[in-house]
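Asker: sequence? don't have it. structure:
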Ligand SMILES: Cc1ncc(C[n+]2csc(CCOP(=O)(O)OP(=O)(O)O)c2C)c(N)n1
Ligand SMILES: [Mg+2]
């Protein structure tokens, strides 16, 4: 009996806007000028925030912080495709997406300043708090998606992750569940090609991350993650399909982490500055700017207005965060359970007594 | 003799054991080119090459499982899990295989594995980077749990752990990674596993602790001494197997005891110590043994962590409770 090919797959690459701001008008998502400008402004805001967060950390006003420099399009483009009724699960490097969703910027500052109140997602916003243990949000996102499906809600769930996450069991188990139960979930992988010091080729022997989806029985696609149109188009189509019962999609956004892993890292120990310089040329904001300029939608005055508005927003978020009273230590106890168990109450009372005395000593 | 930090002492132990024994190798996330996020494995890739210092994918379960396989085949792997908060995916392998293979195979296979695990609070680290989760491992039969409290201890204990025929979880208190320096011999030496150390002799009370909590315990003891109570301080060093003998002998002498640990109170190692004292020295006690621990709450983010972590003041208050009982 001759051998037969019983299954094949092919991975599509999607780019709509190239590095010079040239756009494939046929593939361009149907967004009006105001919407395109909104994408641009959201990316500028994300970068302005990022720059400020980095500086605050250096001044000792923020704890360890994970920069999003260079990844603005992957975050803004994907989150812009979500509806308020959809759910969103960030990893830890998606503030650009969180702002588009409407999370107050103050809260991201709070979180990285070491204040739990930064994780208290406002009522009405269907976002999960930042998840640091890599990939662990993935099965939970699938669970939310399956619950929505069970209830007959026509919503979709978006779960973010990095390239490193694709090496975790939770990634594979979560995607497999999503495939088996046709969960209305869209996985957005920001492949920034590094997991701290570990390069992509040490993360996987696959040529792409997108192809992993095929093993779980649903489509995977690789998009130019620095092209906000490609990211938006791929994610909005996938979300639509998910909401209509078409099951999951995996979207690999090929991008690059221009900064250190976090403020506690020094990337010069493990990667060459040349690679970083190459990727700087693919800047997601600059290419949309060029596109806007070509279409007569961008000029110096507009640019100044956008950047000063962004600065104002960021400064006022910092001010807001820094003017808050410090968190109440009793919050440690208050949120452990709905009802404080008797023995924990005893620990809390002991804490109040001891701590009162300690504050006097200080 | 050079004055080393805990990080440097561990690095030296790794280097010397790798030079001496070609079966020893390191695997984990960022351990190679980056030298580990705490620089514990700094320089080792250059000396020993990629086959013995392996930068792995981001896969805690596979890091543990692969290391177990290597150990069973006759190598001496040292797996690094980057932070204690990320060890849970590896727990399946640790509990279901590392700890059980000797028993299951009736000695045909065994697992001489070390898992290095930075743990604990006090360094203003992000969420999931500050827990003290030693109890999970202490509660798991078949594995040993070791926690150094100083640079000297770190080197000697790690060498013992590497040479041990059974799996050892080597928990490194991040808080003291760089905050302490002490003279550490260049030559190899061992600190035996399973033996606690009397840090300071005394007769007034026994203070039992380990890891980073030794420092606030020492501060408390210094203040207590000014007020006329000379405490005996025990640094457990190995949490499993636990050196009951040293604890019991001390309590029989001092008649009072306080256990200090960062981990939550309930089922913390302190609970086990109190139980053993009750079993073997109850009638020697003048007062119930006190515990100074983290609370049975989620370890808070940096802005509140100082309220969670035991300090000298809390140790003194607990000691006073036993004295004024
Ligand atoms: C399970 C787990 N292991 C280790 C870590 C420590 N760590 C934090 S981020 C990171 C790399 C993550 O890489 P990737 O998924 O590509 O995301 P990126 O940081 O590039 O956004 C590691 C190893 C972690 N947070 N969670
Ligand atoms: Mg990455």
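Answerer: Arrived safely, thanks for sending. Computed from a predicted model, the values in this text were never measured in an experiment. Ligands and ions are numbered 1, 2, ... in the order given.

Asker: any idea which helix or strand carries the residue of the stretch 251-362 of chain A found nearest ligand 2?
Answerer: Proximity of the stretch 251-362 of chain A to ligand 2 (CB to the ion) peaks at residue A:257, 6.1 Å away. The C-beta positions use only the backbone N, C-alpha and C, and glycine is treated the same way. Using DSSP states H and E, residue A:257 falls within no helix or strand.

Asker: quick check: closest non-adjacent residue to it.
Answerer: residue A:192 (3.8 Å; CB to CB, 6 or more residues apart in numbering or on different chains).

Asker: now do the contacts for residue 204.
Answerer: If you meant another chain, say so; for now it's chain A. Residues near residue A:204 by CB atoms under 8 Å, 6 or more residues apart in numbering or on different chains: A:163, A:166-167, A:212, B:57.

Asker: to clarify, I was referring to chain B.
Answerer: Contacts of residue B:204 by CB under 8 Å, 6+ apart are B:224, B:228-232, B:254, B:256, B:323.

Asker: which of these tops the neighbour count?
Answerer: Ranked by neighbour count (other CB atoms under 10 Å in any protein chain shown), the contacts of residue B:204 have residue B:231 at the top, with 28 neighbours.

Asker: tell me the bridge partners for that residue.
Answerer: residue B:205 (DSSP bridges).

Asker: so what pLDDT did it get?
Answerer: Per-residue confidence (pLDDT) for residue B:231: 98.

Asker: how many neighbours does residue 300 have?
Answerer: Unless you meant another one, I'm taking chain A. 7.

Asker: try again with chain B
Answerer: Neighbour tally, residue B:300, other CB under 10 Å: 24.

Asker: residue 263: what secondary structure?
Answerer: Unless you meant another one, I'm taking chain A. Using DSSP: H, G, I helix; E, B strand; the rest coil, the secondary structure recorded for residue A:263 is coil.

Asker: I was thinking of chain B, sorry if that wasn't clear
Answerer: Put simply, residue B:263 is strand when judged by three-state DSSP.

Asker: not counting its neighbours along the chain, what's nearest it?
Answerer: Closest residue in space to residue B:263, ignoring its immediate chain neighbours: residue B:132 at 3.9 Å, by CB to CB, 6+ apart.

Asker: tell me how far the one you found lies from residue B:265.
Answerer: Counting by CB to CB, to the nearest Å, the separation of residue B:132 from residue B:265 is 11 Å.

Asker: got the buried residues for stretch B:18-37?
Answerer: B:18, B:23-37 (16 or more other CB atoms under 10 Å in any protein chain shown).

Asker: distance check, the residue of chain B found nearest chain A against residue B:138.
Answerer: Ranked by CB to the nearest CB, the top residue of chain B for proximity to chain A is residue B:302, at 3.1 Å. Separation of residue B:302 from residue B:138 (CB to CB): 27 Å.

Asker: before we move on, back to that, who are the contact partners of the residue nearest to residue A:257?
Answerer: A:70-71, A:93, A:162-163, A:225, A:255-257.

Asker: for it, give me the backbone phi and psi.
Answerer: With angles defined as degrees, to the nearest 10, residue A:192 sits at phi -90, psi 10.

Asker: report how many residues lie close to residue B:17.
Answerer: Residue B:17, neighbours per other CB under 10 Å, totals 20.

Asker: that one contacts residue B:159, doesn't it?
Answerer: Yes: counting by CB atoms under 8 Å, residue B:17 touches residue B:159, with 6.1 Å between them.

Asker: what touches both of these two?
Answerer: Shared between the contact lists of residue B:17 and residue B:159 (criterion: CB under 8 Å, 6+ apart) are residues residue B:188.

Asker: am I right that residue B:199 is in a strand?
Answerer: Yes: residue state for residue B:199 (three-state DSSP) corresponds to a strand.

Asker: can you pull the contacts of it?
Answerer: By CB under 8 Å, 6+ apart, the contact list for residue B:199 reads B:214, B:218, B:233-235.

Asker: same question for residue B:216.
Answerer: B:260, B:310-312, B:315.

Asker: what helix or strand is it located in?
Answerer: In the assignment (DSSP H and E), residue B:216 maps to helix B:214-226.

Asker: and that helix, which residues are buried?
Answerer: Residues of helix B:214-226 classed as buried by neighbour count (16+ other CB under 10 Å): B:214-218, B:220-221, B:223-224.

Asker: what parts of the stretch 151-300 of chain A come near ligand 1?
Answerer: With the criterion set to CB under 6 Å from any ligand atom, the stretch 151-300 of chain A comes near ligand 1 through A:162-165, A:192, A:194-196, A:257, A:261.

Asker: let's see that with 5 Å instead.
Answerer: Residues of the stretch 151-300 of chain A found near ligand 1 (CB under 5 Å from any ligand atom) are A:162-165, A:192, A:195-196.

Asker: swap in chain B?
Answerer: B:29, B:82, B:86.

Asker: now the common contact residues for residue B:132 and residue B:265.
Answerer: With CB under 8 Å, 6+ apart as the test, residue B:132 and residue B:265 both reach residue B:294.

Asker: the domain parsing of the chain - what is it?
Answerer: Answering for chain A, as no chain was given. Split into domains by automatic domain parsing, chain A comes to A:12-16+A:28-327, A:328-362.

Asker: hm, I was asking about chain B
Answerer: According to automatic domain parsing, the ranges for chain B are B:3-183, B:197-323.

Asker: now the ones you listed in CSV, with distance to ligand 2?
Answerer: Output for those, formatted as CSV (distance: least, CB to the ion, whole Å):
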stretch, distance to ligand 2
domain B:3-183, 9
domain B:197-323, 23
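
Asker: I'd like these laid out as CSV, including distance to residue A:184.
Answerer: Below are the domains of chain B laid out as CSV (distance: least, CB to CB, whole Å):
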stretch, distance to residue A:184
domain B:3-183, 26
domain B:197-323, 31
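
Asker: for residue A:9, find the nearest of those domains.
Answerer: domain B:3-183 (22.3 Å; CB to CB).

Asker: now do residue B:166 against residue B:243, distance only.
Answerer: In this view, residue B:166 and residue B:243 are 17 Å apart by CB to CB.

Asker: no, scratch that, I was asking about residue A:256
Answerer: Computed as CB to CB, the residue A:256 to residue B:243 distance reads 52 Å.

Asker: for residue A:7, same thing?
Answerer: Counting by CB to CB, the gap from residue A:7 to residue B:243 is 59 Å.

Asker: what about those two, which has more around it?
Answerer: Ranked by neighbour count (other CB under 10 Å), residue A:7 and residue B:243 place residue B:243 first, with 19 against 5.

Asker: which residues touch that one?
Answerer: Shown in contact with residue B:243 (CB under 8 Å, 6+ apart): B:194-196, B:236-237.

Asker: buried members of these into PyMOL, please.
Answerer: To isolate the buried members of the contacts of residue B:243 in PyMOL, using 16+ other CB under 10 Å:
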select buried, chain B and resi 194+196+236+237
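
Asker: which of the contacts of residue B:243 lies closest to residue B:98?
Answerer: The nearest member of the contacts of residue B:243 to residue B:98, counting by CB to CB, is residue B:194 at 17.9 Å.

Asker: what strand or helix carries the closest one?
Answerer: Assigned by DSSP H and E, residue B:194 falls within no helix or strand.

Asker: pull the longest helix from chain B.
Answerer: In terms of residue count, the longest helix belonging to chain B (DSSP state H) is helix B:6-20.

Asker: contact residues of the stretch 151-300 of chain A facing chain B?
Answerer: A:164-165, A:167-170, A:195-198, A:202-204, A:264-265, A:269-270 (CB under 8 Å from any CB of the partner chain).
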